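In: no sequence on this one, just coordinates:
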């Protein structure tokens with residue numbers, strides 16, 4: 001694609017300190033906002049401080065080797081059972097939640113179940129089996 005118009009500040013690239021006004025304004029490391037040699041205009045500006053403040057200062061320890069279980073609903077399990085035509089479904093690394101309902105008795109093997117999901121599965125005539133990860 002043809003560039004029809006250059007950015008306006010390109011013509012200032014060869015000058016000493018474009019964008020800061022007088023050269024006195026940008027003499028030492030003081031124009032970098034106290035973040036070393038980075039050249040950032042704001043003092044201690046990061047993505048965390050501006051966009052994700054809720055992620056800062058969280059207490060607790062999160063083990064590096066523990067993974068979270070994926071969540072799957074009974075509605076999704078029911079549609080999987082219909083599509084496959086299977087009476088038994090194995091879901092490794094998944095926790096079955098109770099959103100939705102089962103239309104047919106299905107034997108479900110998963111890493112975890114919510115209490116309400118187990119009740120709904122048994123009410124539909126199915127079986128909930130917990131397997132290790």
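Out: Thanks, I have the structure now. It should be emphasised that the depicted structure is a prediction, and the values quoted were computed from it without experimental measurement.

In: on contacts alone, who are the packing partners of the helix or strand harbouring residue 108?
Out: Using DSSP states H and E, residue 108 maps to strand 107-113. Strand 107-113 is packed against strand 88-97, strand 127-130, with contacts defined by 3 or more Cβ pairs under 8 Å, 6 or more residues apart in numbering; DSSP states H and E. C-beta coordinates here come from the backbone N, C-alpha and C atoms, glycine included.

In: so can I have a markdown table of these showing mean pLDDT, mean neighbour count and distance to residue 115?
Out: Output for the helices and strands packed on strand 107-113, formatted as a markdown table (pLDDT from 0 to 100; neighbours: other Cβ atoms under 10 Å; distance: least, Cβ to Cβ, whole Å):
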| stretch | mean pLDDT | mean neighbour count | distance to residue 115 |
| --- | --- | --- | --- |
| strand 88-97 | 92 | 17 | 11 |
| strand 127-130 | 95 | 15 | 10 |
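
In: what's next to the strand holding residue 108, contact-wise?
Out: Contact partners of strand 107-113, identified using Cβ atoms under 8 Å, 6 or more residues apart in numbering, comprise 69, 72, 77, 87-96, 121, 126-133.

In: 6 Å - rerun?
Out: With Cβ atoms under 6 Å, 6 or more residues apart in numbering as the test, strand 107-113 has contacts from 69, 88-91, 93-96, 127-129, 131, 133.

In: burial measure for residue 78, as a count.
Out: Residue 78: 18 surrounding residues under other Cβ atoms under 10 Å.

In: Okay, it and residue 119: tell me how far apart.
Out: Per Cβ to Cβ, to the nearest Å, residue 78 is found 15 Å from residue 119.

In: Residue 70 too?
Out: Distance of residue 70 to residue 119, computed by Cβ to Cβ: 21 Å.
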